[in-house]
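K.L.:
Fold the stuff below for me.
(chains A and B)
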Amino acid sequence: DQQVKQNSPSLSVQEGRISILNCDYTNSMFDYFLWYKKYPAEGPTFLISISSIKDKNEDGRFTVFLNKSAKHLSLHIVPSQPGDSAVYFCAASGDNTGKLIFGQGTTLQVKP
Amino acid sequence: DTEVTQTPKHLVMGMTNKKSLKCEQHMGHRAMYWYKQKAKKPPELMFVYSYEKLSINESVPSRFSPECPNSSLLNLHLHALQPEDSALYLCASSQEVGQPDEQYFGPGTRLTVT
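P.N.:
Below is the predicted model:
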């Protein structure tokens, strides 16, 4: 039973345009959400997070939106750059154990 | 400094070998984690240590044995592994278990069991 889902395995975007990566979750107890970026043969790099008391968090080119009623979050990258090409994982937590539940990942390709 | 270091970067071991993976962080974090990641899959949690005590074991086989010698170090001892245990092993740390906080990951150890 996948509690965190990223339904798009891949996304291709032109450089300079907006990239929108989506994530859905099923567990209403989740109260903290994170996005990680991963290059091949490297560990995930933390990008941005959002608490369930907010609906938006922004950090430079990266913005995360949370829609609690729809159990949906999205990561917007604007403008997209070729160096953003990587696998993006969303993750969720909510039981105070430190356990993160990851989605399956979306491979983003930004074309020059 | 948000660095988590892991050694070795690559490891090849036979099914009868004993080896250890090492992880270190100097951010003063009191929670440390081991994850396993297979190709094209998300990281899967194996163990959580909170204040140097094991707080979560995700039903991991006993051929994997974690150890937390002090607040900065985390080891994963490997013995009698199977070829299906080949994966990227990731260590992570965070401020504390029990409060919303990002986990910082190391680069991982690529393990191949022959």
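
K.L.:
Surely B:P66 is in contact with B:H77?
P.N.:
Yes. B:P66 is within contact range of B:H77, at 7.5 Å (criterion: C-beta atoms under 8 Å). (C-beta placed from N, C-alpha, C; glycine too.)

K.L.:
Show me which of these two is the more surrounded one.
P.N.:
When B:P66 and B:H77 are compared on other C-beta atoms under 10 Å in any protein chain shown, the one with more neighbours turns out to be B:P66, at 20 against 13.

K.L.:
Show me the beta-bridge partners of the more buried one.
P.N.:
Counting by DSSP bridges, B:P66 is bridged to B:L76.

K.L.:
can you count the residues close to B:L78?
P.N.:
Around B:L78 there are 21 other residues, counting by other C-beta under 10 Å.

K.L.:
and it, what is it in contact with?
P.N.:
With contact set as C-beta atoms under 8 Å, 6 or more residues apart in numbering or on different chains, B:L78 has these partners: B:M13, B:N17, B:K18, B:K19, B:S20, B:L21, B:R63, B:F64, B:S65, B:D85, B:L111.

K.L.:
Could I get the pLDDT score of residue 56?
P.N.:
This is for chain A. At A:K56 the predicted local distance difference test score is 97.

K.L.:
was after chain B, sorry
P.N.:
According to the model's per-residue confidence, B:I56 sits at a pLDDT of 93.

K.L.:
Surely it touches B:F47?
P.N.:
Yes. At 6.4 Å, B:I56 counts as touching B:F47 under the criterion of C-beta under 8 Å.

K.L.:
Output the below-cut-off pLDDT ranges for chain B.
P.N.:
B:1-2 (pLDDT under 70).
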